[in-house]
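Trainee: Got a sequence here, can you build the structure:
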Amino acid sequence: MKQWYQELFSNYAEKYESECYTHGTQGEVNFIEKELNYNKNAKILDIGCGTGRHSIELTKRGYSVVGMDLSESMLNKARENAENEGLKLDLRQADARNLLFEEEFDLVIMICEGGFSLMETDEMNFQILENAAKALKKNGKLIFTTLNGLFPLFHSVKDFINSNSENQVNMDNNFDLMTFRDHNTMEIEGDDGEIMVLDCNERYYVPSEITWLLKSLNFTKIEIFGCKLGEFSRKDSLTTEDYEMLVVGEL
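Mentor: As a prediction, this is how the structure comes out:
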């Protein structure tokens, strides 16, 4: 049986790019470039690359990027987008829980819940972090965003999600404080015009959890910041107002 994220992203590539959270690419890549010290020789892995927005922008700026995603539909859109830009992009269909890369990349990115936090068990989410770490060279860096567990402690997740997207309507919502998982039923229109009814299950993390997980994977430096759309910055301290957190880990 397909998981909700597989069903969604098999039929959402076109509408995905109209979502507000996909419109901050330039500023997000500015941050990524700065974290790389503008080293054009750096090799980058984009896990959960989706329709390729970060991979394409980084390639345009002269970096070597491998983009991977579970969804062939999203990858097809990424290929189309790259072709429209006159770019050749290394895009691969793969499951982030089963990657085979070992010490190949200077940087791994997972932006906008690119796999991590969407999985149905904590063990599966950890597998994604583990594979990201394995893919990094010594002294490599991991940059990712994930759902901030501090947010639903102080806010209504239901109210936030309902007001955050014009394309979706939540019918039912239940954030479990024991597991930090949000279970909600979402109705959303796919690219084919049909309504999908999805039973979603997303994991929120608190900073101490992320720090512990990355330390267990031998990251020696772990920094967590607030996450503002298109304006990633080390100056933003994480607060309860941040729906996502921005994580930078170094091996």
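
Trainee: What ranges in the chain fall below the confidence cut-off?
Mentor: Residues of the chain that meet the criterion pLDDT under 70 lie in 156-173.

Trainee: so residue 139 makes contact with residue 250?
Mentor: Yes - with contacts counted by Cβ atoms under 8 Å, residue 139 reaches residue 250, the gap being 7.0 Å. From N, CA and C alone the C-beta is placed, and that goes for glycine too.

Trainee: Comparing these two, which residue is more hemmed in?
Mentor: residue 250 (16 against 9; other Cβ atoms under 10 Å).

Trainee: Just the endpoints, please. Distance across stretch 142-152?
Mentor: Its first and final residues considered, stretch 142-152 spans 25 Å by Cα to Cα, to the nearest Å.

Trainee: Where is the longest strand in this protein?
Mentor: strand 136-147 (DSSP state E).

Trainee: partners of that one in the sheet?
Mentor: Each strand paired with strand 136-147, and its direction, by DSSP bridges: strand 105-110 (parallel), strand 244-250 (antiparallel).

Trainee: Against which helices or strands is the next helix or strand after that strand packed?
Mentor: Downstream of strand 136-147, the next assigned helix or strand under DSSP states H and E is helix 150-154. Applying 3 or more Cβ pairs under 8 Å, 6 or more residues apart in numbering; DSSP states H and E, we find helix 150-154 packed against no helix or strand.

Trainee: quick revisit: export the strands paired with strand 136-147 to CSV and tack on distance to residue 147?
Mentor: Listed next are those as CSV, based on distance: least, Cβ to Cβ, whole Å:
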stretch, distance to residue 147
strand 105-110, 12
strand 244-250, 6
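
Trainee: So which residues of the protein form strands?
Mentor: Under DSSP E, the chain gives strands at 43-47, 64-69, 90-93, 105-110, 136-147, 168-176, 181-189, 195-203, 221-226, 244-250.

Trainee: want to try a markdown table for the ones you listed, with distance to residue 9 as columns?
Mentor: Output for those, formatted as a markdown table (distance: least, Cβ to Cβ, whole Å):
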| stretch | distance to residue 9 |
| --- | --- |
| strand 43-47 | 14 |
| strand 64-69 | 8 |
| strand 90-93 | 12 |
| strand 105-110 | 15 |
| strand 136-147 | 17 |
| strand 168-176 | 14 |
| strand 181-189 | 11 |
| strand 195-203 | 11 |
| strand 221-226 | 27 |
| strand 244-250 | 19 |
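
Trainee: Out of those strands, which gets nearest to residue 7?
Mentor: strand 195-203 (6.2 Å; Cβ to Cβ).
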